[in-house]
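J.: For reference, the sequence and a predicted model appear below.
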Amino acid sequence: MAAIAGQPTRKTPWRAAIRDARLWLLLLAAVLTLVDGYLIFVVAPTDAVLGHIQRIFYIHVPISILSFLGFLLCAIAGIGYLIRRGESWDRLAHASAEVGVVFVTLALITGVIWARPVWGVWWTWEPRLTTTLILWFIYVAYLMIRQYAPTPQQGRVWSAVVGIIGFVDVPIVYYSVQWWRSIHPVQVIGPEAADDALEPIMARILIFSLVATLALFGYLLLERMALRKTEDTLAQLRRDANSD
Amino acid sequence: MELLRGALAIAWKDVRLELRSRDVITSALVFGLIVVVVFNFGLNRAPGSLAPVAPGLLWVAYAFIGVLAMNRAFTRELEQGGLDGLLLAPVSRDAVFLGKMLGSLIFMLVIEAILLPVFAVMLDLPTLSPTLGLVILLATVGFATVGTFFAAIAVQTRSREILLPVLFFPVIVPVIIAAVEASALVLQGGPMTGVWTRWLPLLVVFDALFLVICPWIFGFIFEG
């Protein structure tokens, strides 16, 4: 096993730096999110076609993008863990999967809220939607496998393996759903969202939102990793106490 | 060659076990029938109008049977330390994976072959053809590969019955889509260009990809 628990861990400078980074990131994320809220609800112009509902797009797009980043990190960290066996690889994989699941859940919810007034349906089996839903299922299973594994060690390895398989699967799911949709077009009522018709001010606010959400994502990731570390130390202390 | 011999020995062990007990095949056959009957009540279609939904029914039944058969293939190994014996066998983990996968593949193909004519009668399927056989074979290889891999994980956990489908179905979505669409095209008996240019290549790519990845990471899941 890694660090000997029960003994005070060495205070390496980078560890202190990460703790500081967490605090700064929290502050940064809080400020950016507040400003972002102001930009979204006050500064951003109301969409001529879609109306106020279009504002959800400044939240929906960044969290969707960042959930994909989370799952990418999770697959990379899983491979890293299988090769290097470092606890920090596993903490990164676990934290990014959890944050990714939270973000993808929010992306699905905001997407559904947006789809109803704009497309006329809550849900449509559009390739991006369907792939996102499948992604949600895979990474919920990822978290379940950690929960259900008999030992934490097995949970780490199994989830790493599931993370890799899931990530390989996603592009195939996307293409198969796209082909499938090209045969079964689902009636979409109302105007389609035109991705190209973005006012410059809208694009700038979207980028600002992305940065704000990235700060939040980074903070949640680091905070979750630190929490996992505390959990690991606690588990190790419990084991030591029981074995004495 | 060593790999193949080890894999065949393990697959043959499973086949022999099944020939003597017949518990997987019998229960899977009855289960497959009951799935179609339950769906029939759920859909409540007029006589003769089942054709549009028939490929979907066929593959839902096959996918459920696959989960059942693969779960069974590994729970059997739990009895009397079978899994330990399997891991101690003087073959590589790749051979263990391929052996279990081949065993499940054979069971599923046998079950599917028996059920297909029955389904053809019950669901009023218009035509049966060699192309449909190819679709079933390729899709079942995908089922067996992914299913064997996840069954090996699921069987070691507390909640093995529920964990396998939860892991299996999301990953297998491309196979289900390709199999249903290809079967629909074949059963309609119209032009089949879509089958050859799209769905069969998709199945081949899926199978090849997972036949490489799954044995490669299979060794990890028996650690600890």
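T.: Perfect, thanks for sending it.

J.: Pass me the low-pLDDT residue ranges in chain B, would you?
T.: By pLDDT under 70, the weakly predicted segments of chain B are B:126-127, B:224.

J.: how about 50 then?
T.: For chain B, applying pLDDT under 50 flags no range at all.

J.: who in it is up against chain A?
T.: Within chain B, the positions near chain A by Cβ under 8 Å from any Cβ of the partner chain are B:146, B:149, B:153, B:156-159, B:163, B:166-167, B:169-171, B:173-174, B:177-178, B:181, B:194, B:198-199, B:202, B:205-206, B:209-210, B:213-214, B:217, B:220-221, B:223-224. From N, CA and C alone the C-beta is placed, and that goes for glycine too.

J.: Work out for me the element residue 217 sits within.
T.: As the question left the chain open, I've gone with chain A. A:F217 is located in helix A:200-243, with elements delineated by DSSP states H and E.

J.: Not quite, go with chain B.
T.: Here B:I217 sits within helix B:200-218, counting by DSSP H and E.

J.: Report the buried residues of that helix.
T.: Buried residues in helix B:200-218, counting neighbours by 16 or more other Cβ atoms under 10 Å in any protein chain shown, are found at B:200, B:202-203, B:206-207, B:209-211, B:213-215, B:217-218.

J.: Closest one to chain A out of the residues you listed, please.
T.: Distance ranking of these against chain A, using Cβ to the nearest Cβ, places B:I217 first at 5.1 Å.

J.: is it true that that closest one touches A:I164?
T.: Yes - between B:I217 and A:I164 there is a contact at 6.6 Å, judged by Cβ atoms under 8 Å.

J.: Are there residues contacting both of the two? Which ones?
T.: Jointly contacting B:I217 and A:I164 under the rule Cβ atoms under 8 Å, 6 or more residues apart in numbering or on different chains are A:L82.

J.: Neighbours of A:R19, how many?
T.: 13 (other Cβ atoms under 10 Å in any protein chain shown).

J.: for the one 10 residues further on, same thing?
T.: A:A29 has 21 neighbours, counted by other Cβ under 10 Å.

J.: ok and the one helix or strand it maps to relative to helix A:200-243, angle-wise?
T.: Using DSSP H and E, A:A29 maps to helix A:13-38. With axes from the mean of the first three to the mean of the last three Cα atoms, to 10 degrees as the basis, helix A:13-38 and helix A:200-243 are set at 140 degrees to each other.

J.: chain center to stretch B:32-46: distance?
T.: Its chain's C-alpha centre and that of stretch B:32-46 lie 21 Å apart, by Cα atoms, centre = their mean, to the nearest Å.

J.: Put the alpha carbons of that stretch into CSV.
T.: This file holds the C-alpha atoms of stretch B:32-46, laid out as CSV (Å, rounded to 0.1, in the frame of the first residue of the first chain):
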residue,chain,number,x,y,z
GLY,B,32,-37.4,-16.5,-24.7
LEU,B,33,-40.9,-17.8,-25.4
ILE,B,34,-42.4,-16.0,-22.5
VAL,B,35,-40.7,-12.7,-23.4
VAL,B,36,-42.4,-12.9,-26.8
VAL,B,37,-45.8,-13.8,-25.3
VAL,B,38,-45.5,-11.0,-22.7
PHE,B,39,-44.6,-8.5,-25.4
ASN,B,40,-47.5,-9.7,-27.5
PHE,B,41,-49.9,-8.7,-24.7
GLY,B,42,-48.0,-5.5,-24.1
LEU,B,43,-48.3,-4.4,-27.7
ASN,B,44,-51.7,-5.9,-28.5
ARG,B,45,-51.4,-5.6,-32.2
ALA,B,46,-54.0,-6.8,-34.7
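
J.: How about it, which residues are buried there?
T.: Of the residues in stretch B:32-46, B:G32, B:V35, B:V36, B:F39 count as buried by neighbour count, 16+ other Cβ under 10 Å.

J.: Same question for stretch A:216-236.
T.: Neighbour counts over stretch A:216-236 (16+ other Cβ under 10 Å) mark A:216-222, A:224-226, A:228-229, A:232, A:236 as buried.

J.: Equivalent analysis for stretch A:61-80, please.
T.: Buried residues in stretch A:61-80 (16+ other Cβ under 10 Å): A:61-71, A:73-80.

J.: quick check: angle from whichever strand or helix holds A:V162 to helix B:200-218?
T.: Assigned by DSSP H and E, A:V162 belongs to helix A:152-183. For helix A:152-183 against helix B:200-218, the angle by the same axes, to 10 degrees is 170 degrees.

J.: hmm, back to that, mean confidence score for the helix holding A:F217?
T.: Mean pLDDT, computed over helix A:200-243, is 92.

J.: where's it relative to the chain centroid, distance-wise?
T.: 10 Å.

J.: so, in contact with chain B or not, it?
T.: No - Helix A:200-243 lies out of reach of chain B by Cβ under 8 Å from any Cβ, never closer than 14.4 Å.

J.: just to revisit the earlier point, which of the buried residues of stretch B:32-46 lies at the shortest distance from chain A?
T.: B:F39 (19.5 Å).

J.: pretty sure that closest one is touching B:V60, no?
T.: Yes - counting by Cβ under 8 Å, B:V60 is a contact partner of B:F39 at 7.1 Å.

J.: who touches the residue sitting nearest the centre point of chain A in this structure?
T.: Closest residue to the average C-alpha location of chain A: A:G100 at 2.1 Å, with Cα atoms, centre = their mean. By Cβ under 8 Å, 6+ apart, the residues touching A:G100 are A:S67, A:F68, A:L69, A:G70, A:F71, A:L73, A:C74, A:Y139.

J.: and with 10 Å instead?
T.: Neighbouring residues of A:G100 by Cβ atoms under 10 Å, 6 or more residues apart in numbering or on different chains: A:66-74, A:135-136, A:139, A:142-143, A:217, A:221.

J.: Restricted to helices, list the buried residues of stretch A:61-80.
T.: Counted as lying in helices by DSSP state H, out of the buried residues of stretch A:61-80, are A:61-71, A:73-80.

J.: tell me, which of those make contact with chain B?
T.: Of the residues in those, proximity to chain B by Cβ under 10 Å from any Cβ of the partner chain holds for A:G78, A:I79.

J.: Determine the number of other residues adjacent to residue 115.
T.: Let's take chain A. 20.

J.: could you do chain B instead?
T.: Neighbour count for B:L115, taken as other Cβ under 10 Å: 22.

J.: My read is that it contacts B:Y62, right?
T.: Yes - B:L115 lies in contact with B:Y62 (Cβ atoms under 10 Å); the separation is 7.9 Å.
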